[in-house]
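**Student:** Sequence first, predicted model second:
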Amino acid sequence: MDPSDLEDRIVSTVQEMQVKLGQSTGVLSLYLPLDCMGDDVEGEIARFREHVRPKLGDVACTLDEGRVRITVSEEGCRYVAGLPVSPVLLTMVDAVMSRESLDGIRARLEKVSEGLVWKEVDGDGFDHIAYFTDGTDPYVYCIDSDCGPISYHRFSRRDYEAFGFGGLDGA
């Protein structure tokens, strides 16, 4: 995996945590499957740590039962807190926390960008997907409304496709 791609993934995940829970004053740990690291896990980890050191500080990476634990320091969390957050992520979190309806979430996302693609899908634990074809946001939002309040999961396009969910057009 390219160190910049992994950095984007880590930064975006820390941002999502901070938007949902508030800014952290401590360290944050994230777990990723080892297969996202490529064949040379140790080398990928070393390249990643060197790449992010100027921005996130010392990032600890440890192997743990088929996954890698990435721990972002307090310094790194403060750096991430100062970065702009995707308007799509802010909209999704606010809509879900406000218990918005599916139609309400879709209307909110349509206001963010005309590049929204909203689809009803069958199975895999969610019933709608939302993504953008104009570069507004790089993620696929998988939305579930079956069990009461709406929830979502966010995947990179690469991960979404690797899971075999399908259904992305013009992405």
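**Tutor:** That came through fine.

**Student:** Can you tell me the SS state at the nearest residue to His128 once chain neighbours are set aside?
**Tutor:** Distance criterion C-beta to C-beta, 6 or more residues apart in numbering; nearest residue to His128, sequence neighbours excluded, is Ile143 at 4.3 Å. Where C-beta positions appear, they are placed from N, C-alpha and C, glycine not excepted. Under the three-state scheme (DSSP: H, G, I helix; E, B strand; the rest coil), Ile143 adopts strand.

**Student:** give the contact list for Ile143.
**Tutor:** Residues near Ile143 by C-beta atoms under 8 Å, 6 or more residues apart in numbering: 102, 105, 126-130, 150-152.

**Student:** go with 7 Å
**Tutor:** Shown in contact with Ile143 (C-beta atoms under 7 Å, 6 or more residues apart in numbering): 105, 126-130, 150, 152.

**Student:** Likewise for Val19?
**Tutor:** By C-beta under 7 Å, 6+ apart, the residues touching Val19 are 85, 89-90, 93.

**Student:** The lengthiest helix in the chain: how far from the chain's middle?
**Tutor:** Assignment by DSSP state H gives helix 3-21 as the longest helix of the chain. Average the C-alpha atoms of helix 3-21, do the same for its chain, and the two points are 6 Å apart (C-alpha atoms, centre = their mean, to the nearest Å).

**Student:** tell me which residues in that helix are buried?
**Tutor:** 3, 6-7, 9-19 (16 or more other C-beta atoms under 10 Å).

**Student:** Can you name the element that comes right after it?
**Tutor:** Next in sequence after helix 3-21, counting helices and strands by DSSP states H and E, comes strand 28-33.

**Student:** Who does that next one pair with, and is each partner parallel or antiparallel?
**Tutor:** Sheet pairing for strand 28-33, assigned by DSSP bridges, gives strand 67-72 (antiparallel).

**Student:** Measure how far the partner strand is from the centre of its chain, please.
**Tutor:** On C-alpha atoms, centre = their mean, the centre of strand 67-72 falls 15 Å from that of its chain.

**Student:** what mean pLDDT does that strand have?
**Tutor:** Taken as a whole, strand 67-72 carries a mean pLDDT of 93.

**Student:** Now do it and helix 3-21, the angle between them.
**Tutor:** If you take axes from the mean of the first three to the mean of the last three C-alpha atoms, to 10 degrees, strand 67-72 sits at 70 degrees to helix 3-21.
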